[in-house]
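[1] Below are the sequence and a predicted model; questions follow.
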Amino acid sequence: MEVLGKPETLEEQVQKQIDLGRKVAEGFITRNPRLRFIDFAGLGRHGGALILEERGILDQIIRRFIIKYSLGDYTGDPYSNADMDLRNEHRWLRLLQGCEHIVQLVPFADCSLNLPGISNGERTYEAAMENARREDEARGTPGATSVRRYPTFALEYLQYGELRDFVDRLKAKGELVPNRILWRIWLCLVRQCVAMAFPIDDPDNPNTGLPWQITREIIRPDEEYFSLTQNSAHLENWLWGDQQASHDPDLIDFGRGQLELPQNWPEHGLDNENEIASRVNLFNAASVMTEICLPLESRRFLRFTRDSHLYEYDEDGQDLNLWTQAPESLMSAATMDLELRHILVRCMAERIARVPSLREALERAERAVANRGPYDDPHLCRLMNVDEDDDYILEFFQRFVYNPE
């Protein structure tokens, strides 16, 4: 028995989402025969993602890109209006266009956010199609019904997979990530926090277009912090992009993005309440980073804790401490750069005022990436069973990102 058109089991629910995705792909291919459906890129809380390929007149590959579509009533989340969540995601991605470490929207005329989606009053995809068929017949145009009855938008294709896959490969091989790579990944995550605090486009201008030039995220001292939070920090939401010298993962999902309201933090203790959002994002980024630093640990021991623990550490000859929600596995980790461990533990501080500022987190990460050398800590390399030289790092990326077995 189905209630309100929803399937009984998780397996049936996923199958409904997959079937809907194939109909989405069919709709695009019907309109443009040069398109090919390659595969599913994923199924999320409110939307699915398809990989489409466009070919030229000589059947050569022109490009691949992602189509994100609403799951509608097949979302499986009783608190989600999938259509509105998809539109919300597009809103924030549009704001963040041009930021170097955020996935980029792709202009594609066949996509539309404004089509009536199946979560907008119509209980199933089939019911939506039947209603559309009747409307076409009433207009005297039978057979013209589009299978494209859902909001969609297009994204760039990031072909080298999720950080989740990366960590799973490390676990399977029993290997750790060299610290020069860890610092580089952490810098990317911090720059994504900078992007949310200082987006390139004007958030008050609804007519901003898509910037053509990709720009490095920076803190602009003469501007006020913007209060966007991403709110879906898990490894599936970071993907490796094209091969490049910097090996950067991009942040992809803003379906739960929202503006963080200062009134939700009545005892924040900050001089500038507009910095709350950036510290929330740093907390979440540090939680994700913990799994990358400690891939051999069980995931259940790497989640931030409800209870706080006292963390004592030494910095520049000073004995310091703070209460943190960082997992104890991170607080005691010996197989990572101590400065990186300290900053991650501090980012998960119990009080938002004790989370490092965005400026401090950025400056520390940039300094470490610029100055850490391959032979700085031979003892730590032996303990981790890794090397830090350029050749090893290039070979590491080939094995775990670009050409995994």
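    Looks like it came in fine.

[2] pretty sure Leu50 is touching Lys23, no?
    No - under the criterion of C-beta atoms under 8 Å, Leu50 makes no contact with Lys23, lying 10.7 Å away. In short, each C-beta sits where N, CA and C put it, glycine included.

[3] For the two, work out which one has more neighbours and name it.
    The residue with more neighbours, out of Leu50 and Lys23 and counting by other C-beta atoms under 10 Å, is Leu50; that gives 22 against 16.

[4] Could you give the secondary structure assignment for the residue nearest to that one when sequence neighbours are not counted?
    Of all residues not flanking Leu50 in the chain, Ile67 sits nearest, at 4.5 Å (C-beta to C-beta, 6 or more residues apart in numbering). What DSSP: H, G, I helix; E, B strand; the rest coil gives for Ile67 is strand.

[5] How much space separates Ile67 from Leu228?
    According to C-beta to C-beta, to the nearest Å, Ile67 stands 24 Å off from Leu228.

[6] And Phe397, by the same measure?
    31 Å.

[7] cool, and Arg346?
    Remark: distance between Arg346 and Leu228 (C-beta to C-beta) = 22 Å.

[8] Kindly report the same for Ile276.
    On the measure of C-beta to C-beta, Ile276 and Leu228 end up 11 Å apart.

[9] Now the common contact residues for those two.
    Here Ile276 and Leu228 have Glu260 as joint contacts, going by C-beta atoms under 8 Å, 6 or more residues apart in numbering.

[10] so what does the strand or helix carrying Ile292 touch, helix or strand wise?
    Taking DSSP states H and E as the definition, one finds Ile292 inside helix 276-293. Packing partners of helix 276-293 (3 or more C-beta pairs under 8 Å, 6 or more residues apart in numbering; DSSP states H and E): helix 163-173, helix 179-197, strand 228-229, helix 328-331, helix 338-347, helix 358-371.

[11] hmm, try it at 6 Å
    helix 179-197, strand 228-229, helix 338-347 (3 or more C-beta pairs under 6 Å, 6 or more residues apart in numbering; DSSP states H and E).

[12] Asn284: which of these is closest?
    The closest of these to Asn284 is strand 228-229. By C-beta to C-beta, the value is 7.9 Å.

[13] Give me the contacts around the closest one.
    With C-beta atoms under 6 Å, 6 or more residues apart in numbering as the test, strand 228-229 has contacts from Met196, Glu260, Ala277, Val280, Asn281.

[14] got the residue ranges for the strands in the stretch 201-350 of the chain?
    In the stretch 201-350 of the chain, the strands defined using DSSP state E, counting those that start in this stretch lie at 228-229, 238-240, 249-251, 258-259, 309-315, 318-324.

[15] How far away from the center of its chain is the first one?
    Between the mean C-alpha point of strand 228-229 and the mean C-alpha point of its chain there is a distance of 13 Å (C-alpha atoms, centre = their mean, to the nearest Å).

[16] Tell me which strands it pairs with, and in which orientation.
    Each strand paired with strand 228-229, and its direction, by DSSP bridges: strand 258-259 (antiparallel).

[17] Now do the strand it pairs with: distance to the chain's middle.
    Per C-alpha atoms, centre = their mean, the centroid offset for strand 258-259 relative to its chain is 16 Å.

[18] What average pLDDT does stretch 333-351 get?
    Per-residue pLDDT over stretch 333-351 has a mean of 97.

[19] what's the offset of it from the middle of its chain?
    For stretch 333-351, the distance to the chain centre is 22 Å (C-alpha atoms, centre = their mean).

[20] what residues does that stretch touch?
    176, 179, 282-283, 286, 289, 293-294, 304, 308, 311, 313, 322-326, 331, 355-356, 364, 383-384.

[21] Would you mind checking these for buried ones?
    Buried members of those, scored by 16 or more other C-beta atoms under 10 Å, are 176, 179, 282-283, 286, 289, 293-294, 304, 308, 311, 313, 322, 324-326, 331, 355-356, 364, 384.

[22] how far away is Arg91 from His247?
    From Arg91 to His247 the distance is 30 Å (C-beta to C-beta).

[23] Neighbour count: those two, which is higher?
    The residue with more neighbours, out of Arg91 and His247, is His247; 19 against 15, by other C-beta under 10 Å.

[24] OK, contacts around the more buried one?
    Phe397.

[25] Gly241 contacts Leu158, doesn't it?
    Yes - look at Gly241 against Leu158 with C-beta atoms under 6 Å: they come within range, at 4.8 Å.

[26] what's the overlap in contacts for the two?
    Common contact partners of Gly241 and Leu158 (C-beta under 6 Å, 6+ apart): none.

[27] Output the strands of the stretch 201-350 of the chain as TSV; include the columns mean pLDDT.
    Formatted as TSV, the strands of the stretch 201-350 of the chain follow (pLDDT from 0 to 100):
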stretch	mean pLDDT
strand 228-229	97
strand 238-240	95
strand 249-251	95
strand 258-259	94
strand 309-315	93
strand 318-324	95
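
[28] and these as a markdown table, adding distance to Glu100?
    Conversion of these to a markdown table gives the following (distance: least, C-beta to C-beta, whole Å):
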| stretch | distance to Glu100 |
| --- | --- |
| strand 228-229 | 17 |
| strand 238-240 | 14 |
| strand 249-251 | 8 |
| strand 258-259 | 23 |
| strand 309-315 | 30 |
| strand 318-324 | 30 |
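
[29] between those, which gets nearest to Pro221?
    strand 228-229 (18.8 Å).

[30] Tell me who's in contact with the residue lying closest to Pro327 once chain neighbours are set aside.
    Excluding the flanking residues, the one nearest Pro327 by C-beta to C-beta, 6+ apart is Leu302, at 5.3 Å. Leu302 makes contact with Thr290, Glu291, Pro327, Ser329, according to C-beta under 6 Å, 6+ apart.
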